[in-house]
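> Here is my input, please return the structure:
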Amino acid sequence: MPDLRLSDAEVTDLAAFLSAQGGPPLDPVWSAPDPALVAEGRKVILEDGCAACHLIPGVELSGRHGPDLDDFGDLPAERLEWGESRPACSFTERECWTLARLQHPEALTRPGIELEMPAFTLSDDEALALSVFLLSNREQRALPHRLTEAARAIAEGERVLARHNCGGCHELGPGRVAQLRGFYEDPALAPPPLTFAGRKFQYRWLFDFLQHPRQIRPWLAARMPTFALDPGEAETLVRAFAARDGQPFPFDGEPVPEANASERADAVWLLDKLQCARCHAVGGKDVKPAERAPDLTLAAGRLKPGWMKAWLLDPQALQPGTRMPSYFFLSDDDDPTSWTTPYPKVLGGKATRQVDALVWLTTELSRTGAPP
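Model (predicted):
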């Protein structure tokens, strides 16, 4: 159970709400169960292998409940038992049997053959992928299966993300919609996506934040819980985010664009012209609740310069639906360098130079707390 950092008033309100959710009195069969029924239930749990996946008090499953799959691909064809029906299939006998075992276990059931494997309602693509994996498990292999360092980092990170249900609040990748976002009419008020976390965040900041979260967007109703991650888990997540986005790890930092006196003046002019302070607080200065965005004085410590450049050029490409306006556009969709700017008289009319100047200014704001 994570620490939600609730105030005393919130604790009282939540306790009152939960206390009011009481249901009807328990039926005697549940409040004072028959020992024979308990024993029968335990027998079913053991027979069906429920404890292989679920932690059940008083029930410990010794050993594996199902057969070893390490050499599944070497299973002799004569050991393939079909039931009374056989689904249509255009693959080899071994492949068809494996697909049926995964998608239609009832097809392998007949008098004298009882299967305990549940029906997982796998899609065709999922069943095919799993079948290929299982049939590749052979005692004699040409080459051992080895995960790349990046794949291993991602897999280890996914386990930590799943353990703490991070996907319940955060989008963790394209198409991986967070459960909590469905409760918000305005997605901008939901917890931020972590789709590009490895590319976006400074690793030192992210490592510290995962262990000691604090408010970045105090106007959001949702808050990041304190999960009491140990340093190893925090590093596992940071490494996984980096691997997923193809970023180096460890990360020594990116150079911040340099700016001469003229470029600095133009950067301040752009900050004012683009009305950045209308939404972004600067040094704690508040803005209208409907337009709030993170404090710019925190950006350089949190965000990588490369991410800030990409964000300023095309925020919708990185986070569709974001409130951040797009100021720069491609004149040729097939030319990723053809950025145009609404201010052709500033910094030679080069959008990339203007973005570099704004990144420099953001770094300066983080250092001084106010525009120079």
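> What helix or strand is Leu37 located in?
Per DSSP states H and E, Leu37 falls inside helix 35-48.
> Please save the CA atoms from the following helix or strand past that helix in CSV.
Counting by DSSP H and E, the next helix or strand C-terminal to helix 35-48 is helix 93-103. Coordinates of the C-alpha atoms in helix 93-103 are reproduced here as CSV (Å, rounded to 0.1, in the frame of the first residue of the first chain):
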residue,chain,number,x,y,z
GLU,A,93,-0.3,-31.1,-36.7
ARG,A,94,2.0,-30.0,-33.9
GLU,A,95,1.3,-26.3,-34.5
CYS,A,96,-2.4,-26.8,-34.8
TRP,A,97,-2.5,-28.8,-31.5
THR,A,98,-0.6,-26.1,-29.7
LEU,A,99,-2.9,-23.4,-31.0
ALA,A,100,-5.9,-25.5,-29.9
ARG,A,101,-4.4,-26.1,-26.5
LEU,A,102,-4.1,-22.3,-26.0
GLN,A,103,-7.3,-21.1,-27.6
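> Which other helices and strands does the helix holding Leu37 contact?
Applying 3 or more Cβ pairs under 8 Å, 6 or more residues apart in numbering; DSSP states H and E, one finds that helix 35-48 makes contact with no other helix or strand. Any C-beta I mention is one placed from the backbone N, CA and C, and that applies to glycine too.
> The closest residue in space to Cys50 that isn't next to it in sequence: neighbour count?
Once flanking residues are discounted, Cys50 sits nearest to Ile56: 6.5 Å by Cβ to Cβ, 6 or more residues apart in numbering. By the criterion of other Cβ atoms under 10 Å, Ile56 has 14 neighbours.
> And Lys273, by the same measure?
Residues lying near Lys273 (other Cβ under 10 Å) number 13.
> so it sits right up against Lys345, yeah?
No. Under the criterion of Cβ atoms under 8 Å, Lys273 makes no contact with Lys345, lying 11.3 Å away.
> Identify the residue nearest Val44 in space, chain neighbours excluded?
In space, and not counting its chain neighbours, Val44 is closest to Cys50: 7.8 Å by Cβ to Cβ, 6+ apart.
> could you list every residue that touches that neighbour?
Cys50 makes contacts with Val44, Ile56, Val59, as judged by Cβ atoms under 8 Å, 6 or more residues apart in numbering.
> what domains does the record give for this structure?
Split into domains by automatic domain parsing, the chain comes to 72-135, 149-244, 261-368.
> Make TSV from those and add distance to Asp34 and mean pLDDT to it.
TSV is the format used below for the domains of the chain (distance: least, Cβ to Cβ, whole Å; pLDDT from 0 to 100):
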stretch	distance to Asp34	mean pLDDT
domain 72-135	25	79
domain 149-244	36	88
domain 261-368	55	88
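> Distance to Glu254 for the ones you listed - can I get that in CSV?
Below are the domains of the chain laid out as CSV (distance: least, Cβ to Cβ, whole Å):
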stretch, distance to Glu254
domain 72-135, 37
domain 149-244, 9
domain 261-368, 5
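> Val38: which of those is closest?
Counting by Cβ to Cβ, Val38 lies closest to domain 72-135 out of these; the figure is 21.1 Å.
> which residue ranges form the helices in this protein?
8-19, 28-31, 35-48, 93-103, 124-135, 149-163, 197-200, 203-211, 231-244, 261-273, 299-302, 305-313, 315-318, 351-368 (DSSP state H).
> relative to helix 305-313, how tilted is the longest one?
To tie it back to what came earlier, the one meant is helix 351-368. Relative orientation of helix 351-368 versus helix 305-313 (axes from the mean of the first three to the mean of the last three Cα atoms, to 10 degrees): 120 degrees.
> counting contacts, what elements does helix 351-368 pack onto?
Applying 3+ Cβ pairs under 8 Å, 6+ apart, one finds that helix 351-368 makes contact with helix 261-273, helix 299-302, helix 305-313, strand 339-340.
> Tell me which of those sits nearest to Leu102.
Smallest distance to Leu102 across the helices and strands packed on helix 351-368 (Cβ to Cβ): 41.1 Å, for helix 305-313.
> can you give me how far that closest one is from the chain middle?
Offset of helix 305-313 from its chain centre (Cα atoms, centre = their mean, to the nearest Å): 21 Å.
> and it, what does it pack onto?
If contacts are counted by 3+ Cβ pairs under 8 Å, 6+ apart, helix 305-313 sits against helix 197-200, helix 315-318, helix 351-368.
> returning to that earlier point: just the helices of the chain: most buried one?
Counting by mean count of other Cβ atoms under 10 Å, helix 197-200 has the highest mean neighbour count of these, with a mean of 22.
> I'd like to check what contacts it. Which residues are they?
For helix 197-200, the external contacting residues (Cβ under 8 Å, 6+ apart) are 206, 238, 240-247, 303-304, 306-307, 310.
> Nearest spatial neighbour of Glu93, chain-adjacent residues omitted?
Ala77 (6.0 Å).
> okay, the residue nearest to Val44: pLDDT?
Here the pLDDT value assigned to Cys50 is 75.
> measure it to Lys43 for me?
Distance of Cys50 to Lys43, given as Cβ to Cβ, to the nearest Å: 11 Å.
> With Leu14 instead?
40 Å.
> swap in Thr322?
Thr322 is 55 Å from Lys43, by Cβ to Cβ.
> do Ala119 as well
On the measure of Cβ to Cβ, Ala119 and Lys43 end up 22 Å apart.
> And Trp97, by the same measure?
Relative to Lys43, Trp97 is positioned 30 Å away (Cβ to Cβ).
> ok, now Asn260?
From Asn260 to Lys43 the distance is 80 Å (Cβ to Cβ).
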